[in-house]
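[1] give me the fold of what follows.
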Amino acid sequence: MNVNGITAAAYAPTAKTTGKTSGTSQKSSSAPAAVYEKSSEITENTTAKSDTAVVESLKAEAEKRTAQLRSLVEKMMLSQGKAFDSDAMWNFLRSGEYTVDEATSNQAKADIAEDGYWGVEQTSDRLVSFAKALAGSDPAKAESMINAVKTGYEQATKAWGGELPEICKKTLDATLKKLDEWKTSSTESAK
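    As a prediction, the model looks like this:
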């Protein structure tokens with residue numbers, strides 16, 4: 001039997017007896033009651049492992065979907081004979097002075113629809129899952145995750161060069177609400 005590195009054979013208590021047998025006092029050896037033997041088995045914190053797996057999975061999916069979105073925008077821009085460095089590209093997209101073909105428009109609408117991958121619900125769910133995974137599912141860290149989301153939104157606003165589109169604000173609000181519910185539910189269950 002092996003339980004976290006302590007084996008049954010190593011845990012063999014010895015009795016210390018004092019008594020008289022045939023008029024002679026006898027003492028047992030003073031061997032320890034338990035012996036620790038380090039196991040060759042390495043046990044891992046499965047919670048941390050699964051949290052790491054969640055983070056890696058979310059990152060991989062986000063990279064894949066971001067590449068698809070980037071490809072969609074690049075095709076739209078190239079079809080108009082436009083090529084930009086990253087700063088000029090943001091300015092171009094912010095301006096709204098471009099045309100979008102029907103297929104690209106339909107794909108973008110599907111992606112940001114209520115049930116779309118980039119829609120408010122799915123995006124806020126991913127952000128909350130990512131925050132929980134980073135926090136090791138510890139609700140005591142919810143406030144730091146809330147602050148991190150707010151900081152990320154501020155940085156995105158700065159990178160965009162102005163107010164982000166309405167869907168971004170809705171996503172922020174939904175994310176903060178879900179994180180606050182997580183924080184509140186853990187506080188109430190602790191009472």
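[2] where along the protein do the strands fall?
    Per DSSP state E, the chain carries strands over the ranges 2-3, 6-7, 18-21, 24-27.
[3] outline the domain layout of this protein.
    With domains defined by automatic domain parsing, the chain comprises 1-43, 46-190.
[4] I'd say residue 141 and residue 133 touch.
    No - under the criterion of C-beta atoms under 8 Å, residue 141 makes no contact with residue 133, lying 11.1 Å away. The way it works is simple: take the backbone N, C-alpha and C, and place the C-beta from them, glycine included.
[5] so between those two, which is more surrounded?
    For residue 141 versus residue 133, neighbours defined as other C-beta atoms under 10 Å are more numerous around residue 133 (19 against 16).
[6] how near is that one to residue 171?
    18 Å (C-beta to C-beta, to the nearest Å).
[7] residue 125 now?
    Residue 125 is 10 Å from residue 171, by C-beta to C-beta.
[8] what's the answer for residue 65, then?
    Residue 65 is 14 Å from residue 171, by C-beta to C-beta.
[9] and these two? Which one has more around it.
    residue 171 (24 against 14).
[10] longest helix in the chain, by number of residues?
    Longest among the helix segments of the chain by residue count, using DSSP state H, is helix 46-78.
[11] list the buried residues of that one.
    Across helix 46-78, burial judged by 16 or more other C-beta atoms under 10 Å covers 51, 54, 58, 69, 72-73, 76-77.
[12] format these as a markdown table; extra columns: pLDDT and distance to residue 120.
    As requested, the buried residues of helix 46-78 are exported to a markdown table (pLDDT from 0 to 100; distance: C-beta to C-beta, whole Å):
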| residue | pLDDT | distance to residue 120 |
| --- | --- | --- |
| 51 | 79 | 25 |
| 54 | 80 | 21 |
| 58 | 78 | 17 |
| 69 | 76 | 16 |
| 72 | 76 | 19 |
| 73 | 75 | 20 |
| 76 | 74 | 23 |
| 77 | 70 | 26 |
